[in-house]
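Peer 1: here is my input, please return the structure:
(one chain, ligands or ions: 2)
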Amino acid sequence: MKSIVVNPVHNFAPAEREKPVATDKRMVLKTKYVAICGSDNMLWNAYPGMVLGHEFSGYVEDPGPFPFRKGARVCAAEFNSCGQCEFCKAGQEQLCAQMMVDNPGVSMDGGFGEYVSVRGDYVLELPDDVPMELGAIVEPVAVSLHGVRNSGIQPGEPVLIWGNGPIGIYAAACAKLTGASHVYMVGRNMGRVNFCNKFEFIDQCLSVKDEKFQEQLKAITPEGGFARVIDCLGLSDYDELLGLMKSGGTLVMLGMHAQKATFTPMSLYLKELSIRTGLYFTWQDYKDAFAMICANKDLFLKTITSRIPPEPEAVQAMFIKLFDSGSNDECKVLLAYDD
Ligand SMILES: [Zn+2]
Ligand SMILES: [Zn+2]
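Peer 2: Numbers count the residues shown, from 1 in each chain. Ligands and ions are numbered 1, 2, ... in the order given. All right, here's what the predicted structure looks like:
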């Protein structure tokens, strides 16, 4: 089957790969849409030989022993938890030691190929009225929903989201749809700041580049500060953000970054702040994100800003636009396969 492979790093090349086969645990999908994610950028720059793509929808090609008919329109979580360990039993599949093993687009061939192998018990069928494009964004919405839930947000509370890439935008949607009173964002590039300010679920998106940024930030910060803050960027220093927080509040680090970051512990002590992270999502988060998207189709369709052919040149050009240009106004971009 035709695939697109990282070769060498920072480049995509065409490749011929073996079509996957169904097993007692896995089924095979014919890829329809696969979304590009910020974590694909890390893999593109470090893992030659990888077939990326962990956010996808497709048609059931071979259901194996699972109760789906061939041709059914589905989406699937890429994860591969064991179902037996203490975490799996507690519904915390994202913490399972087996999670990253045979994980399509991460540790095995993913949706940048014509067919993809997925765990048959982590597949959902799309209702007839839900476009397949939306199936490809359930995964990142589930990541954002998991992060929002880890913030402990209560209905009626405002939230501050730092970083306005897709995960930040989906976190905004999840926060609003779970009852946040106000969703404020901080971004950098003006194209995307303008994009965010057009969304129903974002009350205001500020730009750090705006000369009145500090004034604007002060104006949106509630008296006493924000109890719920989600960092979707991966800051290198957290003191400014901690300074905006309310006593007893929670900061969730959702922007994945490998470099060191700094903060002054005293700013945590004095307000008894908590720092949490968010790794993937639980299966329940995935199902809830799916339901949220199905109930708000038009809203989520607006987050898909480009569809490109699944060809190495087109994908290479889009990765450069998204991750190397320093400025773009895209939100989610999908590779679209022919039926
Ligand atoms: Zn992703
Ligand atoms: Zn497990």
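
Peer 1: what residue in this structure comes nearest to ligand 1?
Peer 2: Nearest residue of the chain to ligand 1 (C-beta to the ion) works out as Cys37 at 3.0 Å. The way it works is simple: take the backbone N, C-alpha and C, and place the C-beta from them, glycine included.

Peer 1: that residue contacts Trp44, correct?
Peer 2: No - counting by C-beta atoms under 8 Å, Trp44 is not a contact partner of Cys37; they are 10.6 Å apart.

Peer 1: of those two, who's got more company?
Peer 2: Cys37 (24 against 21; other C-beta atoms under 10 Å).

Peer 1: identify the residues contacting that one.
Peer 2: By C-beta atoms under 8 Å, 6 or more residues apart in numbering, the contact set of Cys37 is 54-55, 140, 166.

Peer 1: now do Ile293 against Val34, distance only.
Peer 2: From Ile293 across to Val34, the span is 16 Å (C-beta to C-beta, to the nearest Å).

Peer 1: typo on my end, Phe323
Peer 2: 16 Å.

Peer 1: next one: Ala15
Peer 2: Where Val34 is concerned, Ala15 sits at a distance of 15 Å (C-beta to C-beta).

Peer 1: who's more crowded, the two?
Peer 2: Between Ala15 and Val34, counted using other C-beta under 10 Å, the more crowded position is Val34 (30 against 18).

Peer 1: the closest residue to the more buried one other than its chain neighbours: which element?
Peer 2: Nearest residue to Val34, sequence neighbours excluded (C-beta to C-beta, 6 or more residues apart in numbering): Gly111, at 3.3 Å. Gly111 belongs to no helix or strand when elements are defined using DSSP states H and E.

Peer 1: contacts only, for Gly111.
Peer 2: Contacts for Gly111 (C-beta under 8 Å, 6+ apart) come out as 31, 34, 52-56, 58, 104-105, 335.

Peer 1: nearest to Pro222, of the residues you listed?
Peer 2: Lowest distance from Pro222 to the contacts of Gly111 (C-beta to C-beta) belongs to Glu55, with 34.0 Å.

Peer 1: what's the neighbour count on that closest one?
Peer 2: 31.

Peer 1: distance-wise, check it relative to Cys85.
Peer 2: Distance, Glu55 to Cys85, by C-beta to C-beta: 25 Å.

Peer 1: if we can go back for a sec, model confidence score at the residue nearest to Val34, please.
Peer 2: For Gly111, the model assigns a pLDDT of 98.

Peer 1: look at stretch 64-74 and report the distance between its end residues.
Peer 2: One end of stretch 64-74 to the other measures 15 Å (C-alpha to C-alpha, to the nearest Å).

Peer 1: and for stretch 275-283?
Peer 2: Distance between the two ends of stretch 275-283: 23 Å, counting by C-alpha to C-alpha.

Peer 1: equivalent analysis for stretch 287-304, please.
Peer 2: With C-alpha to C-alpha applied, stretch 287-304 spans 20 Å between its terminal residues.

Peer 1: do the same with stretch 105-116
Peer 2: Terminal residues of stretch 105-116 lie 9 Å apart, using C-alpha to C-alpha.

Peer 1: wait, does it contact ligand 1?
Peer 2: No - judged by C-beta under 5 Å from the ion, stretch 105-116 stays clear of ligand 1, getting no closer than 8.2 Å.
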